[in-house]
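# After the sequence you'll find the predicted model.
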Amino acid sequence: MKIEESEQLEPVITLLDVQLITGYSELQEMKKEGFDTNLFKDNHKLEATTKKIQNALQKWADDTLKILKVSTGKYYYQYHFLDVRGDGMCYPNVPEKISNAVMRWEHYLRKLEEIIFRLEDERNLKVRREIAEIENQADILYEVKYSEHSREIKLNSILLAKPDFESENERLFTYVYSKQNEPIKVSDIEGYYKIKFKKSISDIIRDLGFKGKTRQVFFPVADKNKVMFTNPISKKYFIENDLPVISMVNLRDTARDSELQVG
C-alpha cells in the first residue's frame, strides 16, 4: 500500500536538505576569506571580498527561493525564508560589512532549517494519518463470504443461506459475488446463464437472506434492471454512507431457527 501524500514530501525534503548543506559549505568557504584579519589593511580587497560574499549569498538565496516556490507551492514557506531580521550581533575582529553578510547568510540557513523541520513534521503527520486511513479502510465491519463448493453464504461467519444448485438464487448470487462493488445489468446475468428470471430480483435477494438492514447495506441497488452487491463493508465506508447497524444477535437467532435451505 503506497502512502502517496507523504511520499510526495520526501523528495522536497531531500532537495532542501541538499540546498542547506550546499549553503553551509559555501558559507564556510566565504568565512575563510572574510575572516582574514589582513582585510583591515587593504580596503580594495575588503570591498572585493565583501561583494563576493554578498553575491554568493544572493545567488544561494535566490536558488533556495526557487526551490521553495516550485517544490512546496506554498507562499508561507517563501515568506518565512525571506523574513530575515538582524539581531544586532556581529563577529568580533571581523570587518563590519563582512560580519553582517555572514550573519545574514546564517539567518537564511536557520530559516531554511526551520522549514525543513516543519516539512518533516508535516510528512510525519501525513504518514500517521495515512496509516490510520489504511487501517480504517482495512478494518472490515461486515463481510459476506460464499463457497461455491458448499453453496453456503455467510455474513461474518453466520450462515445466511444455502441456495440450491443451479437455482435462480444460486445463479444470481454466484454472478454478483464474482463482480462485487460494481453495478450489473440483470439482462447481463440472464444472458450469461441463458435464462429469464421468473422471480423478481427483490424476492431472490430476500430468499438469499438479505432482508431489511442487511439488504440495505449489501445491496444498495436492486431492481428489475440493475443489481449491485457491495462487499466487504469497511468502517470507513460504513460511516461515510451512513449505513444502518446489522444486529448479529438477530442473525444468529434466525440462523438457529431456520434450516436455511433456499430453492
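Received it, and whenever you're ready, just let me know what you need.

# When you work out contacts or count neighbours from here on, use the C-alpha atoms and nothing else.
Will do.

# The closest residue to residue 208 other than its chain neighbours: neighbour count?
Closest residue in space to residue 208, ignoring its immediate chain neighbours: residue 161 at 5.3 Å, by C-alpha to C-alpha, 6 or more residues apart in numbering. As a burial measure, the neighbour count of residue 161 was computed by other C-alpha atoms under 10 Å and equals 25.

# Partner strands of the strand or helix carrying residue 161 and their direction?
With elements taken from DSSP states H and E, the one containing residue 161 is strand 158-163. Strand partners for strand 158-163, identified by DSSP bridges, are recorded as strand 152-155 (antiparallel), strand 261-262 (parallel).

# Can you tell me which of those strands has the worst average pLDDT?
For the strands paired with strand 158-163, the stretch scoring lowest in mean pLDDT is strand 261-262; its value is a mean of 42.

# list the contacts for residue 111?
With contacts defined as C-alpha atoms under 8 Å, 6 or more residues apart in numbering, the neighbours of residue 111 are 80, 81, 84.

# State whether it is indeed within a strand.
No. If the criterion is DSSP: H, G, I helix; E, B strand; the rest coil, then residue 111 is helix and not within a strand.

# Okay, domains of this protein per the record?
Residue ranges of the domains in the chain are recorded as 4-138, 140-262, according to automatic domain parsing.

# Show the low-confidence segments of the stretch 1-150 of the chain, by residue range.
Scanning the stretch 1-150 of the chain for pLDDT under 70 picks out the ranges 1-6, 86-88, 131-138.

# cutoff 90 now
With pLDDT under 90 as the threshold, the stretch 1-150 of the chain has low-confidence stretches at 1-13, 30-50, 67-101, 119-141, 148-149.

# And the strands in it?
Secondary structure of the stretch 1-150 of the chain by DSSP state E, counting those that start in this stretch: the strands cover 140-142, 144-147.

# Adding mean neighbour count, write those out as a markdown table.
Converted to a markdown table, the strands of the stretch 1-150 of the chain look like this (neighbours: other C-alpha atoms under 10 Å):
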| stretch | mean neighbour count |
| --- | --- |
| strand 140-142 | 18 |
| strand 144-147 | 16 |
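
# Right, I'll call it a day here.
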